[in-house]
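J.: got a sequence here, can you build the structure:
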Amino acid sequence: MDSGLPYLDRKKAILIDDTIASGRTSAAAKAVTGIERLAVVYAAPEAINETDICAEVLPFPHLLEWNFWNSWYCPSIYCDIDGLCCPDPPLEVVGDKDRYLKWIEDVLPYDGPRKNPIAGFVTCRPRFAEAHTRRWLDKHGFRYQMLVMADSWITDLHAQAKWKASVLAALSARFYIESSEIMAELLRAELNRRGCLTLVSVPRRSAVYGEFSGWRA
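T.: Here you go, the predicted structure:
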(Lines give C-alpha, C1' and ligand atoms only; values in the text may rest on other atoms or scores of the structure.)
Protein backbone atom coordinates (compact mmCIF):
# COMPACT_ATOMS: atom_id res chain seq x y z
CA MET A 1 0.00 0.00 0.00
CA ASP A 2 1.43 3.39 -1.00
CA SER A 3 -0.19 5.98 1.24
CA GLY A 4 2.48 8.62 0.62
CA LEU A 5 4.17 7.69 3.92
CA PRO A 6 7.00 5.41 2.73
CA TYR A 7 9.23 5.79 5.82
CA LEU A 8 6.53 5.29 8.42
CA ASP A 9 6.61 2.27 10.70
CA ARG A 10 2.90 1.51 10.77
CA LYS A 11 3.29 -0.90 13.68
CA LYS A 12 4.48 1.98 15.90
CA ALA A 13 2.43 4.79 14.38
CA ILE A 14 -0.90 6.03 15.69
CA LEU A 15 -3.55 8.19 14.09
CA ILE A 16 -4.64 11.19 16.16
CA ASP A 17 -8.01 12.86 15.66
CA ASP A 18 -9.98 15.45 17.60
CA THR A 19 -13.32 13.65 17.79
CA ILE A 20 -15.08 10.43 16.82
CA ALA A 21 -18.78 9.74 16.46
CA SER A 22 -19.63 6.81 14.18
CA GLY A 23 -16.06 5.77 13.34
CA ARG A 24 -16.57 6.01 9.57
CA THR A 25 -13.98 8.76 9.07
CA SER A 26 -11.35 7.02 11.17
CA ALA A 27 -11.99 3.74 9.34
CA ALA A 28 -11.37 5.52 6.04
CA ALA A 29 -8.16 7.06 7.42
CA LYS A 30 -6.95 3.65 8.57
CA ALA A 31 -7.66 2.20 5.14
CA VAL A 32 -5.71 4.97 3.39
CA THR A 33 -2.69 5.02 5.73
CA GLY A 34 -2.49 1.38 6.81
CA ILE A 35 -2.25 2.57 10.44
CA GLU A 36 -4.49 0.63 12.78
CA ARG A 37 -4.14 2.43 16.11
CA LEU A 38 -6.27 5.49 16.85
CA ALA A 39 -6.15 8.20 19.53
CA VAL A 40 -8.83 10.84 19.91
CA VAL A 41 -9.48 13.74 22.25
CA TYR A 42 -13.27 13.30 22.47
CA ALA A 43 -15.18 10.10 21.75
CA ALA A 44 -18.93 9.61 21.71
CA PRO A 45 -19.87 6.75 24.10
CA GLU A 46 -20.99 4.54 21.23
CA ALA A 47 -17.62 4.96 19.48
CA ILE A 48 -15.28 4.38 22.41
CA ASN A 49 -14.50 0.81 21.30
CA GLU A 50 -13.17 2.16 18.00
CA THR A 51 -10.30 3.94 19.78
CA ASP A 52 -7.08 2.83 21.41
CA ILE A 53 -6.59 6.05 23.39
CA CYS A 54 -9.33 8.49 24.35
CA ALA A 55 -8.86 11.61 26.48
CA GLU A 56 -12.55 11.99 27.32
CA VAL A 57 -15.85 10.27 26.60
CA LEU A 58 -18.30 13.01 25.65
CA PRO A 59 -21.88 12.73 24.37
CA PHE A 60 -22.67 14.40 21.09
CA PRO A 61 -22.88 17.06 19.80
CA HIS A 62 -19.17 17.94 19.78
CA LEU A 63 -18.85 21.62 18.85
CA LEU A 64 -15.12 22.19 18.52
CA GLU A 65 -13.52 25.63 18.49
CA TRP A 66 -11.23 24.92 15.58
CA ASN A 67 -13.91 23.80 13.13
CA PHE A 68 -17.13 25.03 14.70
CA TRP A 69 -18.11 27.41 11.90
CA ASN A 70 -17.38 24.75 9.28
CA SER A 71 -19.37 22.02 10.98
CA TRP A 72 -22.49 20.29 9.69
CA TYR A 73 -24.40 21.81 12.63
CA CYS A 74 -24.42 25.23 10.95
CA PRO A 75 -27.88 24.93 9.33
CA SER A 76 -29.34 24.32 12.82
CA ILE A 77 -27.54 27.15 14.60
CA TYR A 78 -28.79 30.58 15.59
CA CYS A 79 -26.34 32.89 17.26
CA ASP A 80 -25.62 36.29 18.74
CA ILE A 81 -23.52 38.90 16.93
CA ASP A 82 -21.96 41.28 19.46
CA GLY A 83 -19.39 39.59 21.67
CA LEU A 84 -19.36 36.55 19.40
CA CYS A 85 -18.70 37.69 15.83
CA CYS A 86 -17.27 41.03 16.91
CA PRO A 87 -16.54 42.87 20.19
CA ASP A 88 -19.42 44.18 22.27
CA PRO A 89 -20.23 47.85 21.59
CA PRO A 90 -18.63 50.32 24.02
CA LEU A 91 -21.04 51.66 26.61
CA GLU A 92 -20.57 55.20 25.36
CA VAL A 93 -22.11 54.42 21.95
CA VAL A 94 -25.14 52.53 23.27
CA GLY A 95 -28.09 54.91 23.22
CA ASP A 96 -26.43 57.29 20.76
CA LYS A 97 -27.81 56.31 17.35
CA ASP A 98 -25.23 58.07 15.17
CA ARG A 99 -22.24 56.86 17.15
CA TYR A 100 -23.69 53.37 17.35
CA LEU A 101 -24.19 53.10 13.59
CA LYS A 102 -20.67 54.39 13.00
CA TRP A 103 -19.35 51.77 15.42
CA ILE A 104 -21.14 49.01 13.48
CA GLU A 105 -19.56 50.24 10.24
CA ASP A 106 -16.03 50.24 11.66
CA VAL A 107 -15.88 47.36 14.15
CA LEU A 108 -13.52 44.56 13.17
CA PRO A 109 -14.87 41.00 13.01
CA TYR A 110 -13.98 37.89 14.92
CA ASP A 111 -14.47 34.51 13.27
CA GLY A 112 -17.91 33.59 11.97
CA PRO A 113 -19.95 31.47 9.53
CA ARG A 114 -18.11 32.11 6.29
CA LYS A 115 -18.16 28.60 4.77
CA ASN A 116 -21.59 27.24 5.67
CA PRO A 117 -24.58 29.53 6.33
CA ILE A 118 -26.10 29.33 9.79
CA ALA A 119 -29.86 29.36 10.36
CA GLY A 120 -29.69 32.95 11.53
CA PHE A 121 -28.56 35.70 13.86
CA VAL A 122 -30.83 36.60 16.78
CA THR A 123 -29.50 39.84 18.22
CA CYS A 124 -30.71 42.57 20.56
CA ARG A 125 -29.35 45.17 18.18
CA PRO A 126 -32.21 47.64 17.47
CA ARG A 127 -33.98 47.34 14.15
CA PHE A 128 -32.91 50.80 12.97
CA ALA A 129 -29.42 49.28 12.62
CA GLU A 130 -30.56 46.49 10.29
CA ALA A 131 -29.18 47.96 7.06
CA HIS A 132 -25.82 48.71 8.69
CA THR A 133 -25.72 45.24 10.25
CA ARG A 134 -26.49 43.48 6.98
CA ARG A 135 -23.83 45.49 5.15
CA TRP A 136 -21.30 44.64 7.86
CA LEU A 137 -22.14 40.92 7.74
CA ASP A 138 -21.92 40.88 3.94
CA LYS A 139 -18.67 42.87 3.98
CA HIS A 140 -17.00 40.28 6.16
CA GLY A 141 -18.44 37.27 4.38
CA PHE A 142 -20.72 35.99 7.13
CA ARG A 143 -23.35 33.65 5.71
CA TYR A 144 -26.79 33.30 7.27
CA GLN A 145 -30.41 32.60 6.39
CA MET A 146 -32.20 34.95 8.78
CA LEU A 147 -31.55 38.12 10.79
CA VAL A 148 -33.86 38.84 13.75
CA MET A 149 -33.43 42.15 15.58
CA ALA A 150 -35.19 43.88 18.45
CA ASP A 151 -37.74 46.59 17.68
CA SER A 152 -35.82 49.10 19.82
CA TRP A 153 -33.03 49.33 22.39
CA ILE A 154 -33.20 46.64 25.11
CA THR A 155 -30.65 47.43 27.81
CA ASP A 156 -31.95 45.34 30.73
CA LEU A 157 -30.43 41.85 30.74
CA HIS A 158 -33.60 40.12 31.94
CA ALA A 159 -35.60 41.86 29.23
CA GLN A 160 -33.02 40.79 26.65
CA ALA A 161 -33.27 37.18 27.81
CA LYS A 162 -37.08 37.23 27.63
CA TRP A 163 -37.02 38.70 24.13
CA LYS A 164 -34.44 36.21 22.84
CA ALA A 165 -36.29 33.31 24.44
CA SER A 166 -39.55 34.34 22.77
CA VAL A 167 -37.83 34.46 19.38
CA LEU A 168 -35.99 31.16 19.78
CA ALA A 169 -39.13 29.41 21.03
CA ALA A 170 -41.09 30.68 18.04
CA LEU A 171 -38.34 29.43 15.72
CA SER A 172 -38.11 26.03 17.50
CA ALA A 173 -34.37 26.64 17.47
CA ARG A 174 -32.12 23.65 18.15
CA PHE A 175 -28.92 25.56 19.02
CA TYR A 176 -28.25 29.12 20.11
CA ILE A 177 -24.70 30.42 20.59
CA GLU A 178 -24.59 33.24 23.11
CA SER A 179 -21.64 35.52 23.82
CA SER A 180 -22.22 36.04 27.54
CA GLU A 181 -22.36 33.39 30.27
CA ILE A 182 -24.62 35.60 32.38
CA MET A 183 -27.03 36.06 29.49
CA ALA A 184 -26.85 32.35 28.69
CA GLU A 185 -27.98 31.44 32.21
CA LEU A 186 -30.87 33.91 32.06
CA LEU A 187 -31.80 32.66 28.60
CA ARG A 188 -31.74 29.00 29.66
CA ALA A 189 -34.08 29.82 32.53
CA GLU A 190 -36.49 31.63 30.21
CA LEU A 191 -36.41 28.81 27.68
CA ASN A 192 -37.02 26.22 30.40
CA ARG A 193 -40.06 28.17 31.57
CA ARG A 194 -41.39 28.01 28.03
CA GLY A 195 -40.68 24.29 27.71
CA CYS A 196 -38.32 25.06 24.82
CA LEU A 197 -35.56 22.53 24.08
CA THR A 198 -33.10 25.02 22.57
CA LEU A 199 -29.56 24.22 23.70
CA VAL A 200 -27.66 27.38 24.66
CA SER A 201 -23.87 27.40 24.41
CA VAL A 202 -21.20 29.96 25.28
CA PRO A 203 -17.76 30.01 23.61
CA ARG A 204 -14.87 29.38 25.96
CA ARG A 205 -11.12 29.48 25.59
CA SER A 206 -10.93 25.73 26.04
CA ALA A 207 -11.08 23.25 23.19
CA VAL A 208 -14.82 22.86 23.44
CA TYR A 209 -17.62 25.32 22.83
CA GLY A 210 -19.78 25.83 25.84
CA GLU A 211 -22.21 23.85 27.90
CA PHE A 212 -25.57 22.55 26.82
CA SER A 213 -28.16 22.19 29.56
CA GLY A 214 -25.61 21.06 32.11
CA TRP A 215 -23.36 18.94 29.94
CA ARG A 216 -20.46 19.94 27.76
CA ALA A 217 -20.84 19.99 24.00
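J.: and Ser76, what are its phi and psi?
T.: When read as degrees, to the nearest 10, the backbone of Ser76 gives phi -100, psi 0.
J.: does it touch Gly120 like I think?
T.: No: assessed by Cβ atoms under 8 Å, Ser76 is found out of contact with Gly120, at 10.6 Å. From N, CA and C alone the C-beta is placed, and that goes for glycine too.
J.: these two: which has the busier surroundings?
T.: Gly120 (17 against 14; other Cβ atoms under 10 Å).
J.: how much space between the residue nearest to the more buried one when sequence neighbours are not counted and Leu157?
T.: Closest residue to Gly120 apart from its sequence neighbours, by Cβ to Cβ, 6 or more residues apart in numbering: Met146 at 3.1 Å. Using Cβ to Cβ, to the nearest Å, we find Met146 at a distance of 24 Å from Leu157.
J.: rewinding a little: wait, doesn't the residue nearest to Gly120 sit right on Phe121?
T.: Yes: using Cβ under 8 Å, Met146 is in contact with Phe121, at 7.4 Å.
J.: between these two, which is the more surrounded one?
T.: For Met146 versus Phe121, neighbours defined as other Cβ under 10 Å are more numerous around Phe121 (26 against 12).
J.: distance check, that one against Ile53.
T.: Distance, Phe121 to Ile53, using Cβ to Cβ: 39 Å.
J.: tell me the mean pLDDT over the top helix by length along the chain?
T.: Counting residues, the longest helix found in the chain (DSSP state H) is helix 157-171. Helix 157-171 carries an average pLDDT of 95.
J.: what lies in contact with the helix or strand following that helix?
T.: Sequence order places strand 175-177 as the next helix or strand after helix 157-171, per DSSP states H and E. The contact list for strand 175-177 (Cβ atoms under 8 Å, 6 or more residues apart in numbering) reads 73, 76-80, 84, 122, 164, 168, 187, 198-203, 209-210.
J.: strand 175-177: what's the following helix or strand?
T.: Criterion used, DSSP H and E; the element after strand 175-177 is helix 181-193.
J.: which elements pack onto that following helix?
T.: helix 157-171, strand 199-201 (3 or more Cβ pairs under 8 Å, 6 or more residues apart in numbering; DSSP states H and E).
J.: and these: which comes nearest Gly141?
T.: For the helices and strands packed on helix 181-193, proximity to Gly141 was assessed by Cβ to Cβ; strand 199-201 is nearest, at 22.6 Å.
J.: report how many residues lie close to Leu171.
T.: Leu171 is flanked by 17 other residues according to other Cβ under 10 Å.
J.: was I right to think it contacts Tyr78?
T.: Yes: using Cβ under 8 Å, Leu171 is in contact with Tyr78, at 6.8 Å.
J.: joint contacts of those two?
T.: Each of 119-120, 122 lies in contact with both Leu171 and Tyr78 under the rule Cβ under 8 Å, 6+ apart.
J.: which of those fall within strands?
T.: Among the shared contacts of Leu171 and Tyr78, the members found in strands (DSSP state E) are 120, 122.
J.: now the shared contacts of Leu171 and Tyr78 in JSON lines, with distance to Trp103 and pLDDT?
T.: Below are these laid out as JSON lines (distance: Cβ to Cβ, whole Å; pLDDT from 0 to 100):
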{"residue": "Ala119", "distance to Trp103": "26", "pLDDT": "96"}
{"residue": "Gly120", "distance to Trp103": "22", "pLDDT": "97"}
{"residue": "Val122", "distance to Trp103": "20", "pLDDT": "97"}
